[in-house]
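*Asks:* Below is the sequence, then the predicted model.
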Amino acid sequence: MAKNQPPIVNVRELVYRVAGRTILNQVDAIIHEGECVCVVGRNGSGKSTLLRLLAGDEGPTDGTIMLRGGARCAYLAQVADVDPARTVRENILDGVRPVLELIGRFERLPPHSPEAAALEARIAALDGWTIDTRLNELVTSLSAPSLSLPAANLSGGELRRVALCRTLIGQPDMVLLDEPTNHLDTEAISWLETYISRGRGTFVCVTHDRAFLDAISDRVLELSHGGLYSFEGGYVEYLRGKADREATAEQQELRRQRFIRREIDWIRRGPKARGTKSRSRIQRFDDAVSRSDLARDADVEIVIPPPPPSGQQVVSFDRVCKSYGGPPLLDQFSYELTPGTRLGIIGRNGLGKTTLLRLLLGGETPDSGVVDVAERTVFNYMDQHRELLTGTNTVFDEVGEGRDHVQVGERRLNLWSYLKRFLFTDDEINTRIDQLSGGEQSRVLLAKLLRRGGNVLVLDEPTNDLDLSTLRVLEEALASFAGCVIVVSHDRFFLNRVCTGILAFEGEGRLVYQEGDYDYYADKRAERPASAAFPAAGAPKAVERPRTSSRRLKWREERELEGMEGTILAAEETVGGLEELFSQPDFFEKHGRDAARLTAELEGARSDVARLYERWAELEDMQNGDG
């Protein structure tokens, strides 16, 4: 158990202030050797700041950070710091530069030098003789670009993977990773999970990837309003612990307010503090009044306008082929997107996901075949690199685009009020885009694009840099959207919550469509025999959307049908419980601050009931041969 190991870093009374704002306030933390700690919190709560302080890249305003003597630390920043003038190999090997210098000294020594034995032992202790093996493993496992390429020619995602290789290659005692899964494909994320779980060393990760967090985390640290709170376990344990902590804080705040109301009349009468009891009573009142009100988190309000009507056909690919001189990325690819589909596109980097989006949006033309976009189809596209944002614009100018209001469906909203829904403060609304954090820029992009409407939302890696609370709200909004959603993502938790179908690029030109969420796709892929993993040469690679037909139910579908009545009953009870809560006369007094979140939960629960009834009918039709 890591908790039985000695501390590798001890943080005492840490304070960090910037521009008059206190980011970290009297924070204490102990991280033990071999422990994996995940740091979560709202955008702007100080997660990246904490990692920079632990790495020594910045100094605290007050307090101490004590790293175990001799411990080696490596830090992956949220924005990759890679030298563009050097090759991929040279940048990665910077992570073992001290060891390479020792090896260089050893190789320059004359034969039988008395220093050689000591140097050789030191190099062996640092595992220096396996550097080339580790280099090749990291580059392959993390899908990093070719070692000979100059870094100046790499995309942002490629630079990120190079920086991650550089961070890990030296096998440091403590590894600090800021959003390590950004720009990684599912296979690379899975490899990183295994590396962290089985590897040596201590890991501190800032992450929004809930599946990744669950796979690696011994403990979750949450930064909230300057404080740091610790929760044993993974994501579910964190949510439970956070709910308990907030409930306790609410009760304490309620008692404080009641005490103030009870004592205020006595204080107004101006009692003289002659006796000990009177002085003590006045002091207790002053302490209660001077204590700050309970800090509460607000949730983003994501408003997606209702989609304009679409026809029965939205987009279809008919025997589409596409290559760039090498092996085909798409080979006789056929697929039909129908109304209401929420499609998740997954696969390793470089297999053709971006090409597919470009063909869809008209940015590329197929080598052969037809991409047919229906006349009533209206796309709304969000890119993963935020290239649609202008860095010199303020948030107000970027989202307003010359107007002081926005039209969201049939509603006309004041732009300032609209931006407040995305949790931008007055100061932030007047801040330039290039001065915002990655998470804040992602919220700007959501605010700018989602108001434009459309009946097909195309989102390329929308989860990058968003905090957990914003992710939950975005998932609920997309799940209740009546149009189509096409999302490229490696966030398995997000795919499970949003998608009704998965289109997987599995390599060697093979694309597989699977109804259901990501976990169901993964189960089905595992069931396939190894010989069926890829088609034989010359075999058709077209992907046809499965259509309901007369057939026997599969075992899993039979179990699903058997439990459907109970599932629907539970879902209806959830709706009934929420409706009863709203009907209480004191609802807004008790739950006013949570009204928006509860409303979204009720809408989502009602959508779940409707979806379950549709699925029940579909399963019964298949069982009865009516498909």
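*Replies:* It's in. Numbers count the residues shown, from 1 in each chain.
*Asks:* for Ala617, helix, strand, or coil?
*Replies:* Following DSSP: H, G, I helix; E, B strand; the rest coil, the label given to Ala617 is helix.
*Asks:* Report how many residues lie close to it.
*Replies:* 12 (other Cβ atoms under 10 Å). Where C-beta positions appear, they are placed from N, C-alpha and C, glycine not excepted.
*Asks:* That one and Ile568, how far apart?
*Replies:* 11 Å (Cβ to Cβ, to the nearest Å).
*Asks:* Same question for Phe106.
*Replies:* Applying Cβ to Cβ to Phe106 and Ile568 gives a distance of 71 Å.
*Asks:* Next, the residue nearest to the spatial centre of the chain: phi, psi?
*Replies:* What sits nearest the mean C-alpha location of the chain, by Cα atoms, centre = their mean, is His208, with 3.6 Å. Torsion angles at His208 (phi, psi; degrees, to the nearest 10) stand at phi -110, psi 0.
*Asks:* tell me the contacts of it?
*Replies:* 40, 179, 463, 465-468, 471, 491 (Cβ atoms under 8 Å, 6 or more residues apart in numbering).
*Asks:* Most neighbours out of those residues, which is it?
*Replies:* Tallying neighbours with other Cβ under 10 Å puts Asp491 at the head of these, with 28 neighbours.
*Asks:* by contact count, what packs against the host helix or strand of Glu101?
*Replies:* Using DSSP states H and E, Glu101 sits within helix 97-108. Secondary-structure packing of helix 97-108 (3 or more Cβ pairs under 8 Å, 6 or more residues apart in numbering; DSSP states H and E): helix 114-125.
*Asks:* Return the set of buried residues in the helix or strand just after the helix it packs on.
*Replies:* Next helix or strand after helix 114-125 toward the C-terminus (DSSP H and E): helix 131-141. Residues of helix 131-141 classed as buried: 131, 134-135, 137-139, 141 (neighbour count, 16 or more other Cβ atoms under 10 Å).
*Asks:* Show me where the stretch 101-250 of the chain has its strands.
*Replies:* 174-178, 202-206, 219-224, 227-232 (DSSP state E, counting those that start in this stretch).
*Asks:* quick one: strands adjacent to the first one?
*Replies:* Pointing back at strand 174-178 there. strand 73-76 (parallel), strand 202-206 (parallel) (DSSP bridges).
*Asks:* Enumerate the positions of whatever helix or strand comes next after the shortest one that are buried.
*Replies:* Once strand 73-76 ends, the next helix or strand along the chain (criterion: DSSP H and E) is helix 88-93. In terms of neighbour count (16+ other Cβ under 10 Å), helix 88-93 has its buried residues at 88-89, 91-93.
*Asks:* List just the nearest of the residues you listed to Tyr335.
*Replies:* Val88 (35.0 Å; Cβ to Cβ).
*Asks:* Would you check that that closest one makes contact with Asn153?
*Replies:* No - in this structure Val88 lies outside contact range of Asn153 using Cβ atoms under 8 Å: 9.7 Å.
*Asks:* Report pLDDT for Gly625.
*Replies:* We note a pLDDT of 64 for Gly625 in this prediction.
*Asks:* Grab the longest helix from this protein for me.
*Replies:* helix 235-268 (DSSP state H).
*Asks:* Enumerate the positions of that one that are buried.
*Replies:* Buried, per 16+ other Cβ under 10 Å, within helix 235-268: 235, 238, 241-242, 256, 263.
*Asks:* hey, C-alpha coordinates of stretch 321-341 in CSV?
*Replies:* The C-alpha coordinates for stretch 321-341 follow below in CSV (Å, rounded to 0.1, in the frame of the first residue of the first chain):
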residue,chain,number,x,y,z
CYS,A,321,-12.6,5.6,-51.4
LYS,A,322,-9.9,8.0,-50.2
SER,A,323,-6.1,7.8,-49.9
TYR,A,324,-3.2,10.1,-50.1
GLY,A,325,-0.9,8.0,-52.2
GLY,A,326,-0.4,5.3,-49.6
PRO,A,327,-2.8,2.6,-48.2
PRO,A,328,-6.4,3.7,-48.4
LEU,A,329,-7.9,5.3,-45.4
LEU,A,330,-11.4,4.6,-46.7
ASP,A,331,-12.0,1.7,-49.1
GLN,A,332,-15.5,1.2,-50.5
PHE,A,333,-17.0,2.8,-47.3
SER,A,334,-20.7,3.0,-47.2
TYR,A,335,-22.8,4.4,-44.3
GLU,A,336,-26.1,6.2,-43.8
LEU,A,337,-26.6,8.7,-41.0
THR,A,338,-30.3,8.8,-40.0
PRO,A,339,-32.1,11.4,-37.8
GLY,A,340,-31.5,11.2,-34.1
THR,A,341,-28.2,9.2,-34.3
